[in-house]
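Asker: Could you look at this predicted model? Sequence included:
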Amino acid sequence: MTAETRPVSAPTQVVPDAVHPTVSPTVPVAVASAQTPDPATVEAEAASPAGPTRPTRPTASGMPWRVTKTIGASAGPVLGAFAGAIALWYAITYLVLPEGRRFLLPPPHQVLTESVLDWSKVQPMLEALTLTAQVAMTGLAIAVVLGVGQAILMSQARWLEKSLYPYAVVLQTIPILALVPLIGLWFGFGFTSRVIVCVIIALFPMISNTLFGIQSAEPAAHDLFTLNKATRAQRLWKLQMPAAVPSMFAGLKISAGLAVIGAIVGDMFFRQGAPGIGSLLDVYRARVESENLLTAIGLASLFGVVVFAVFSAVDKAVMTRWYGKR
Amino acid sequence: MTAPTDVVHERIQHISQTRTLVLDDVSKTFPTGTVALTGVNLTVAAGDFVSVVGPSGCGKSTLLRLASGLDDATTGTVEVNTDSTSYVFQDPTLLQWRTAQKNVELIGELRSRSKIERRKAAQEALELVGLGGFEKQYPRQLSGGMRMRVSLARALVAEPDLFLFDEPFGALDEITRLNMQTELQRLFALKQFAGLFITHSVSEAVYLSTRVIVMSGRPGTVVADLPVPFSYPRPPELRFDPAFAELSGTVSAALEGDHR
């Protein structure tokens, strides 16, 4: 009875999901940018035979398997580009900069020997980075809870959406630096304020993506729930929230990246307590320690890439597991 | 073939006393001013399978939404004498994050049935539409026809007295559509619900129904109400029967008559 229908219509229609387009464009980005850290990781590993920088390594295993494979396939060109960049770096240091100003861009080997390979220099950076990571993840967690909460609230009544959404947009458009003095005044110049900066920066994508997702459930599906006299809670938890999952994870990926930026910005302005990587960057700048500055920038970038890769992998895993997207 | 079908037919006749759905002088005007339906009278009783054919935009789907209570009539009365109505949508409208089984169980969840009860009911409904063994499959893993079967199972699990269909097979390919029609008339012969079926297809309407209603173009109203005498279950070959062709011709003529 079913046998005859299967071969006929099996390959015909795969209904495209309305939400999918918001997710898919970011996938190539994930692969492309995940390739860039590889030379850095290779460099870090090669540069640390005794393994003092080892703590950064487990991050590499957080990358999805497919990305790892892609890296393997395209290692040649990537390494070539890396070599080219190093060559350009040397050229600028020795050919462009006059000797007296070479401190602005010390040559790669000098950065390596004076900073990257010097545990006494790298250790405080890693400690600072750990703190920054804590700030970023705390801020992200709060942003997720607040963002999803506000989106759910707005989805429940048109007037709530109309009255709250404009403020969410406004919050997004306020230059964060303009708020820094006020945040400092209210919450002090330490961990709390750094987290608050993170939350403010990371909040909007969670709100807008969750709300979009909640509203993406098909009208016919809503009719189905209406006809079966579903309660408001049943409609929310059995239809709207599951429908929102793909865009929520797309939002999470964006917010995670923003939380890292927020944490580093927060570090720079709220200096009380242990320093974050952002504080160190400013310290190195003030002391004109270009080698350390470059190393710290490298570490901060690596952290950003790792966060992005991890959340891309989570996004992809969720989509594959529950929604059958690749 | 005639002996057992007569028995079924008699049972259908027997319970056709209940007037499950009664539309009395119903009209519907949308806020935009569009008059979708005007002066529609229609009665569907248990054991009636009524198909509605009509040109595009004649308010067929509006008629169904009024019957289901999703929309209210502007004037006239819609009387539904049952608590148990199922609605089959144009698209299967499955929740893509749920397996076939869980999609069917949804109805039980919404009606707060126990887990054991709704699981058993869902399995039975899936068996009934020929999807036994596909319980764990997600909608994306099923063909268009199979997805529509899941949708049917979900409608059946509510044990409806009134079954509303909004062109459910319109998007399927020809062969799958014919199979689904065979399946549906089998289910109707088995369950004897009151059915209201919207379609574009004259042959689909004649093949499935006990009555075919022909509607005029906008504003839609009933222009013909034709009984279909064939007994259930109806073999697929019925479509090549001269009597079938003649009746289809009558329905088509009633449709054409509107275009004068």
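Answerer: Arrived safely.

Asker: you'd agree A:Phe270 is up against A:Arg194?
Answerer: Yes. Counting by CB atoms under 8 Å, A:Phe270 touches A:Arg194, with 5.1 Å between them. For every residue, glycine as well, the C-beta is placed using N, CA and C.

Asker: Which one's more surrounded, these two?
Answerer: Neighbours around A:Phe270 and A:Arg194, counted as other CB atoms under 10 Å in any protein chain shown, are more numerous at A:Arg194. The numbers are 34 against 26.

Asker: any idea which element that one lies in?
Answerer: helix A:191-214 (DSSP states H and E).

Asker: Could you see whether chain B lies near that helix?
Answerer: No. Applying CB under 8 Å from any CB of the partner chain, one finds helix A:191-214 out of contact with chain B, separated by at least 12.1 Å.

Asker: tell me the mean pLDDT over that helix?
Answerer: For helix A:191-214, the mean pLDDT works out to 94.

Asker: which parts of it are buried?
Answerer: Residues A:191-214 are the ones in helix A:191-214 that count as buried (16 or more other CB atoms under 10 Å in any protein chain shown).

Asker: and B:Pro92, helix, strand or coil?
Answerer: For B:Pro92, the assignment made with DSSP: H, G, I helix; E, B strand; the rest coil gives coil.

Asker: how many other residues sit next to the closest residue to A:Lys121 other than its chain neighbours?
Answerer: If the residues on either side of it in the chain are set aside, A:Lys121 comes closest to A:Ser115, at 4.9 Å by CB to CB, 6 or more residues apart in numbering or on different chains. Residues contacting A:Ser115 under the criterion other CB under 10 Å number 23.

Asker: Can you check the pLDDT for A:Ser115?
Answerer: The model's pLDDT for A:Ser115 equals 86.

Asker: Hmm, A:Gly298 and it touching each other?
Answerer: No. Judged on CB under 8 Å, A:Ser115 makes no contact with A:Gly298 at a distance of 9.5 Å.

Asker: Tell me both backbone torsions, phi and psi, for the nearest residue to B:Leu110 once chain neighbours are set aside.
Answerer: Closest residue to B:Leu110 apart from its sequence neighbours, by CB to CB, 6+ apart: A:Asn228 at 4.3 Å. Phi and psi for A:Asn228, reported as degrees, to the nearest 10, are phi -100, psi 20.

Asker: Return the distance of A:Asn228 relative to B:Leu70.
Answerer: 12 Å (CB to CB, to the nearest Å).

Asker: out of these two, which sits in the busier spot?
Answerer: Neighbour count, other CB under 10 Å: between A:Asn228 and B:Leu70, A:Asn228 has more, with 19 against 15.

Asker: Give me the residue ranges of the stretch 101-250 of chain A where confidence is low.
Answerer: The stretch 101-250 of chain A contains no residues with pLDDT under 70.

Asker: Please list the residues of it that sit near chain B.
Answerer: So far as CB under 8 Å from any CB goes, the stretch 101-250 of chain A lies against chain B at A:218, A:220-221, A:223-230, A:234, A:238-239, A:242, A:245.

Asker: and B:Val212, helix, strand or coil?
Answerer: strand.

Asker: show me the biggest helix of the chain in terms of residues.
Answerer: You didn't say which chain, so I picked chain A. As assigned by DSSP state H, the longest helix anywhere in chain A is helix A:119-156.

Asker: other chain: chain B
Answerer: helix B:174-191.

Asker: Now the element after that one, going C-ward?
Answerer: strand B:194-199.

Asker: In terms of secondary structure, what does that next one contact?
Answerer: strand B:19-29, strand B:35-45, strand B:49-53, helix B:60-68, strand B:162-166, helix B:202-208 (3 or more CB pairs under 8 Å, 6 or more residues apart in numbering or on different chains; DSSP states H and E).

Asker: Name all residues that make contact with the residue nearest the centre of chain A.
Answerer: Nearest to the mean C-alpha position of chain A, counting by CA atoms, centre = their mean, stands A:Gly257 at 2.3 Å. A:Gly257 makes contacts with A:304, A:307-308, A:311, as judged by CB atoms under 8 Å, 6 or more residues apart in numbering or on different chains.

Asker: just A:Lys229 next, same as before
Answerer: B:110-111.

Asker: Would you list the phi and psi of it?
Answerer: Taking degrees, to the nearest 10 as the convention, A:Lys229 sits at phi 50, psi 40.

Asker: I'd like to know how far it sits from B:Ser114.
Answerer: Taking CB to CB, one finds A:Lys229 at 18 Å from B:Ser114.

Asker: show me where the stretch 151-300 of chain A has helices.
Answerer: A:158-173, A:176-187, A:191-214, A:219-227, A:232-235, A:241-269, A:277-286, A:290-323 (DSSP state H, counting those that start in this stretch).

Asker: For the shortest one, list every residue counted as buried.
Answerer: Buried residues in helix A:232-235, counting neighbours by 16+ other CB under 10 Å, are found at A:234-235.
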